[in-house]
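Undergrad: Starting from these lines, generate the structure:
(chains A, B and C)
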Amino acid sequence: MANYKYHMLVCGGTGCFASQSDQIKKNLAQIIEEKGLQNEVQVVITGCFGFCEQGPIVKMLPDNTFYVRVKPEDCRELVEEHIIKGRKVNRLLYTDPENKEHVADSKHMEFYKKQLRIALRNCGFIDPENINEYIARDGYAALASVLEINNPLATIDVIKKSGLRGRGGGGFPTGLKWEIAAKNHADQKYVVCNADEGDPGAFMDRSILEGDPHSVLEAMAINGFCIGANKGLIYIRAEYPLAIERLLIAIKQAEETGLLGKNIFGSDFSFDIELRYGAGAFVCGEETALIHSMEGERGEPTFKPPFPAQEGYLKMPTNVNNVETYANIPVIILKGWEWFSSIGTEKSKGTKVFALAGKINNVGLIEVPMGITLREVVYEIGGGIKDGKKFKAMQTGGPSGGCLTEKFLDTPIDYDNLIEAGSMMGSGGMIVMDEDDCMVAVSKFYLEFTVEESCGKCTPCRIGNKRLYELLEKITEGKGTMEDLDILKSLSKVIKDTSLCGLGQTSPNPVLSTIDNFWDEYLAHVMEKKCPAGQCKALKSYIIEPDLCIGCGACVRVCPVNAIKGEKKMPHEINQADCIKCGACIEKCKFNAILIK
Amino acid sequence: MDKIKLIIDNKEVSVPKGSTILEAAHKIGIDIPTLCHFELKDLDIHNKPGGCRICVVEVEGRRNLAPACVTECTEGMIVKTNSIRVLNARRTVLELLLSDHPADCLVCAKSCHCQLQDLAARFGVREIPFQGEQSSYQLEVSPSIIRDMNKCVMCRRCETMCNELQTVGALNAIERGFPAVVSTAFNQTLANSPCTFCGQCVAVCPVGALVEMDHTPKVIRAIADGKKTVVVQVAPAVRVALGEEFGMKPGTIVTGKLTAALKALGFNYVFDTDWSADLTIMEEGTELIDKLTRHLNGDKSVKLPLLSSCCPAWVNFFEYHFPELKDIPSTAKSPQQMFGSIAKSYFADKIGVKREDMVVVSVMPCLAKKYECARDEFKVDGNPDVDYSISTRELAALIKQANIDFKSLEDAPFDSPLGESTGAAVIFGTTGGVIEAAVRTVYEVLTKKPLPKLEFTELRGLEGVRSATIDVDGFKLNIGIAHGLSNARKLLNEIKEGKSQFHAIEVMACPGGCIDGGGQPLHHGNSEIIKARWEAIYEADRNMPIRKSHENPSIQAIYKEFLGEPCGHKSHELLHTHYFDKAKVIEVKLD
Amino acid sequence: MSVKIEISQKTRTKIEEICKSFNNEPGELINVLHKTQDYLGYLPAEVQEVVAHELKISTAKVYGVVSFYSFFTMIPKGRFPVSICMGTACYVRGAERILDEFKHLLKLGVGETGADGLFSLASLRCVGACGLAPVVLVGEKVYGRLATDDVKSIVEEYKGGGCAV
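TA: Numbers count the residues shown, from 1 in each chain, chains lettered A, B, ... in the order given. Here you go, the predicted structure:
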């Protein structure tokens, strides 16, 4: 990155963007100009740094100082102190929660220590809206070498040997998929990037597209060359405006630079990329549904075979991969399959990006080598459970996955181990739950999602999931019977066994996994009509402990239904008939006088 | 052809490559239950969404159960169709369907013909373990069709018929997840949609979601009313299908029993729509001769080809989708409406009954006929030419209600004078029949020579679009035939583009023509039944002593006595109609 | 006898332009609907009729697609559309309580728009700001790390017509 003395990298990921990182960039640029430093300091909006919990983040190069929770009004101090006076602004440095010391540089932060960034290699380092910064970090070199070697099968072989598996959830070997598409002959073939990230609690693909769009474009072109396609389509959620904007800029710049379009690098190979917009249907993550959606139809899956590699978009052979899978491709080509396959476990190579969220201290986007343990993720990278509570479970795989409990803390994370543990890799959501989370309610949450997102084409998913949800609703309301639990189990198995597509085939997983691991919680709801975590509204009542209540009236003011009564400075009481169990009072009470029973 | 060997329920079977497990199992007598699956292979109609999951089977080596209807056989495959895992899954899927289905079987129009009911009986379902929300959609009653989407099982058959076979586009899957259902745009009424009321959706619906509007109570009341003279007419295709409702072999011709049954039901006059089919040929044939003669004489204003206009669903189709071509079809009314018009004028006068005291009932293989007879232009001072149209199925129900043992009835003849007909009329009941009947007459009238051969086999068949050139004494008459409205659309597009080579085109909305109309006994996807009816129609033709419309003495008599000449003044008044532009109009409103 | 659809000239011209920009290609239906909704804010029945007419497909099919995808709506959104993230990260950090509070204060259900057109309420999937969970969007403005008693002040902020979003 050229001749500047300093670079100020401002995180432009969605989380930081939501906390005004664009204003921070503006302020920094303005102050630098004011000081006449515009030829020495460059301010860049980058992609996600990953450490969303601490956003907005500003990173200084070349010294790697990592400022967290920066506000627009902090900008002047950052420029005057850090740039002009060469002193770090201590109050904006990250504080280690253990020893309470400031950590100046990301390399020494627990959050980053165990991470290995391959797919996210450029996120947070380059300006995603400037193709030259991507090129400066070996961008499009992989495409150049693939075109120069001019042997598609050899390139497919590299991908096959690397052991890369689809990062969208299924884990199908990527090289094999390319090979099948390459072998199906047709006048027109298509390369499709699945960017319809729909898992509630996952934002990996979004971050890659926002932070490093060119890596995906380059990989798609390589894919196109390998299978004999000259048309690429990115199917992206319409709810991702920033990613869309950056992709459009990237495509335009790549076309202007001759890296997309006709006769790339002077070869015979031409490749164009267009965007297609999703419209809010989780089922469109399934590749046949995605293809129907791109064709302007309802996003209903169809039976496979024929697979998209045989008969896909407009009935032509089509290769569909997800964003993260693509982001790995250029590096594998440049560094070789030997390098890539040396990372990870026997059957799961490389790294995986996860969106770590929930009841954990360090919420953020992480990329870790396959084979890392849950314990390392939760306690080292994640910094442990929020508010010192007890770890209860880690949910992976979203609505298709399951819960991993304490006993799996030391299991190395890879595709096969997660399935064996009753969950799955999925697209990469990792939600941490603590002792306050009711696992019956969690599975109801996921079923509600599936019921909402089912396309309705096949019976088990259309009606079966609805019935599962209704059973869970009944149980969380304290109306469940032991017979309901039996039906819950047997129905779940049939839905898995008979559904048309992956959505229905995995939708009962959250139920089955919580039944396996938290059976006593189900029993408590049914037999004792109690929610052990105190989360199920119908099974709990809010009670004011007279000995602890000082009658301050804070709860009275916050209660939306005026259910709390009492004389000033005297213990108050909650009228149970009126109480809607919203929990507002308990949040407000400073004396812990309100208990859930 | 490549053969594939596999094992189903421990039996080896060899099938052509590309066969499904369902087909392979069927070959060795294993009847895997299905629900959404529907095919009329001979007519190239396929509905295979693989959605209901009733037909799931266990395939060794696969993680999940496979739907037999869409899973292709592979070499060495080992399939189990009745393992405990399969039976349990199949029953659960069935119970799920039943848990969102009204249990009003006793009063459902499809009772005893319902495939879901059959499955419940086959599996001995005695209770439904799942309770929960049930779908609740508004019931829709149209002149022809009743839609109760609470009974929809999302088999998508109606959607396939409406969009792929008919390209009508009235129905589509809407919403998603539990509320997903097949419906019209914005859940509007069928009357507000492009629906042609062809009834093919009703003909294939496995449950009671789509059924015909039942007019039998009105018919019973009319017969019981001593002041009314009730006249009935029967369409050609009814006589080759009605027997099925009484357990007779498909393709049995039951004309005599049908007539006897109608008399036993108490109709005052039992007449034949075949009679007015002959009349139609006189009118439409004359129209064609006139147009051809003018065309051959170089009159550039003549619009050709002439399109047939017997099929009311087809009329609805071009009025909605091709209103710009509404001047091209023959103006001749359909045989049903010609009959009504003559019955309530000529015949009413003849027997001295006032128009308003006469009730004309038609028995039709069709549901669009119900809509047709209710059209305003077929009424005189609000009194319709045809009062009620009932389907073949409704007639069967009526006969059963009246304790008539259909099979043992003695044959009876049609009444006179509107009961006499020819072989040309009876072939109206199948695709190609109207045009063949017309050619028999047009040839002889134009050439003034007897036909060298009576049967134009080149016009017969079940391919969707057919064409033939008939040598009319040196003149090459180009004929086009389409059945299924998607096929009609192809011919209409050619006309629109000025590329059509035809002088005359016959269109029937239903696949196979009226023999497979929306009001016929349900064939449940068995195209052998349709073929048997098709063959029976031509047999009925062969059985007739007179086989050309213009030789029908009763027709000759009515022209002499009442109408004058074909396409004359009186004909125009009584036997011809005009068409409307029914395309949606997008109007700009002022802001 | 024919069904009449009423629409303003301006809207009709705009839809025709949009369809034309996609070559009136039926396969571009979803793109056309996106652009049309961008322009109008929602997709009422008469608009779908015009789209169907231009792309030469059935209105039932257009409606089938519109009603399939949750992004498309036939109800106009409020001036201040409130969207509560119901992604898992927000859910475990109390998004449901926040949603309940909005429902209570705005007297609206999810997917509804108030009679005065001021607010509409929606729940959406992960917005990718899990670090700020639970998250609420009003228009494009993001409110993060919310507790139930923050809801009242957010509603108040916009109630008087507030600052336009």
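Undergrad: and residue 182, what does it touch?
TA: Let's take chain A. If you count contacts by CB atoms under 8 Å, 6 or more residues apart in numbering or on different chains, residue A:182 has them with A:152-153, A:156, A:226-228. Heads up, the C-betas are built off the backbone N, CA and C, glycines and all.
Undergrad: Chain B is the one I meant
TA: Contacts of residue B:182 by CB under 8 Å, 6+ apart are B:149, B:152, B:154, B:156, B:158-159, B:171-174.
Undergrad: Show me which residues of the stretch of helix or strand residue A:160 belongs to are buried.
TA: If you go by DSSP states H and E, residue A:160 is part of helix A:152-162. When burial is assessed from 16 or more other CB atoms under 10 Å in any protein chain shown, helix A:152-162 yields the following buried residues: A:152, A:155-162.
Undergrad: so of the contacts of residue B:182, which ones are in helices?
TA: The helices, defined by DSSP state H, take in B:158-159 from the contacts of residue B:182.
Undergrad: and which of the contacts of residue B:182 is nearest residue A:524?
TA: Distance to residue A:524, by CB to CB, is smallest for residue B:154 among those, at 37.6 Å.
Undergrad: Verify the stated contact: the closest one with residue B:181.
TA: Yes - taking contacts as CB atoms under 8 Å, residue B:154 lies within contact range of residue B:181: 6.9 Å.
Undergrad: Common neighbours of those two, please.
TA: Residues touching both residue B:154 and residue B:181 (CB under 8 Å, 6+ apart) are residue B:173.
Undergrad: and the two? which has more neighbours close in?
TA: residue B:154 (24 against 18; other CB atoms under 10 Å in any protein chain shown).
Undergrad: Domains in chain C, by residue range?
TA: Domains of chain C are assigned by automatic domain parsing as C:9-66, C:80-159.
Undergrad: ok, and the closest non-adjacent residue to residue B:287?
TA: Nearest in space to residue B:287, with sequence neighbours left out and distances taken as CB to CB, 6 or more residues apart in numbering or on different chains, is residue B:330 at 5.4 Å.
Undergrad: Any idea how many residues pack against the closest residue to chain B within chain A?
TA: Relative to chain B, the nearest point of chain A is residue A:456 (2.7 Å; CB to the nearest CB). When neighbours are defined as other CB under 10 Å, residue A:456 has 24 of them.
Undergrad: one step back: most neighbours per residue, which of the domains of chain C?
TA: Highest mean neighbour count among the domains of chain C (mean count of other CB atoms under 10 Å in any protein chain shown): domain C:80-159, with a mean of 21.
Undergrad: got the end-to-end distance for it?
TA: In domain C:80-159, first residue to last residue: 9 Å (CA to CA, to the nearest Å).
Undergrad: Report the mean confidence score over it.
TA: The average pLDDT within domain C:80-159 is 88.
Undergrad: How about that domain and chain B, touching?
TA: No - figure legend: domain C:80-159 not in contact with chain B (CB under 8 Å from any CB of the partner chain); closest approach 12.9 Å.
Undergrad: other SSEs contacting the helix holding residue A:160?
TA: helix A:174-183, helix A:213-227, helix A:323-335, helix A:337-341 (3 or more CB pairs under 8 Å, 6 or more residues apart in numbering or on different chains; DSSP states H and E).
Undergrad: With only the CA atoms kept, save the longest one in PDB.
TA: Extracted C-alpha coordinates of helix A:213-227, given in PDB (Å, rounded to 0.1, in the frame of the first residue of the first chain):
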ATOM      1  CA  PRO A 213     -15.300  -9.200  -2.800                       C
ATOM      2  CA  HIS A 214     -12.600  -9.700  -5.400                       C
ATOM      3  CA  SER A 215     -11.500 -13.000  -3.900                       C
ATOM      4  CA  VAL A 216     -14.900 -14.400  -4.700                       C
ATOM      5  CA  LEU A 217     -14.900 -12.900  -8.200                       C
ATOM      6  CA  GLU A 218     -11.500 -14.300  -8.900                       C
ATOM      7  CA  ALA A 219     -12.500 -17.800  -7.700                       C
ATOM      8  CA  MET A 220     -15.600 -17.800  -9.800                       C
ATOM      9  CA  ALA A 221     -13.600 -17.000 -12.900                       C
ATOM     10  CA  ILE A 222     -11.200 -19.800 -12.000                       C
ATOM     11  CA  ASN A 223     -14.200 -22.100 -11.500                       C
ATOM     12  CA  GLY A 224     -15.700 -20.900 -14.900                       C
ATOM     13  CA  PHE A 225     -12.400 -21.700 -16.700                       C
ATOM     14  CA  CYS A 226     -12.200 -25.100 -15.100                       C
ATOM     15  CA  ILE A 227     -15.700 -26.300 -16.000                       C
END
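Undergrad: Quick check: which of the helices and strands packed on helix A:152-162 is buried the most?
TA: helix A:213-227 (a mean of 28).
Undergrad: residues near the spatially closest residue to residue B:581 that is not a sequence neighbour, how many?
TA: Leaving out its chain neighbours, the residue that sits closest to residue B:581 by CB to CB, 6+ apart is residue B:323, at 3.7 Å. Neighbour count for residue B:323, taken as other CB under 10 Å: 14.
Undergrad: can you check residue A:27 too?
TA: For residue A:27, using other CB under 10 Å, the count is 22.
Undergrad: hang on, the earlier thing: quick check: the residue nearest to residue B:287 touching residue B:303?
TA: No - applying CB under 8 Å, one finds residue B:330 not in contact with residue B:303, separated by 11.1 Å.
Undergrad: gap between residue A:196 and residue A:215?
TA: Per CB to CB, to the nearest Å, residue A:196 is found 18 Å from residue A:215.
Undergrad: go on, residue B:175?
TA: In terms of CB to CB, residue B:175 sits 38 Å off from residue A:215.
Undergrad: ok so, going back, and residue B:330 and residue B:303? Which one has more around it.
TA: Between residue B:330 and residue B:303, counting by other CB under 10 Å, residue B:330 is the more crowded of the two (22 against 14).
Undergrad: Quick check: which ranges of the stretch 1-150 of chain B have low pLDDT?
TA: Along the stretch 1-150 of chain B, the model assigns pLDDT under 70 to residues B:1.
Undergrad: Around chain A, pick out the residues from it.
TA: Residues of the stretch 1-150 of chain B that fall close to chain A, judged by CB under 8 Å from any CB: B:49-54, B:56, B:64-65, B:67, B:70-72, B:85, B:88-89, B:92-93, B:96-97, B:99-100, B:129-133.
Undergrad: Just these: which are in strands?
TA: Mapping those onto strands (DSSP state E) picks out B:56, B:67.
Undergrad: Filter the residues of the stretch 1-150 of chain B next to chain A down to the buried ones.
TA: Buried, going by 16+ other CB under 10 Å: B:49-54, B:56, B:64-65, B:67, B:70-72, B:85, B:89, B:92-93, B:96-97, B:99-100, B:129-130, B:132, out of the residues of the stretch 1-150 of chain B next to chain A.
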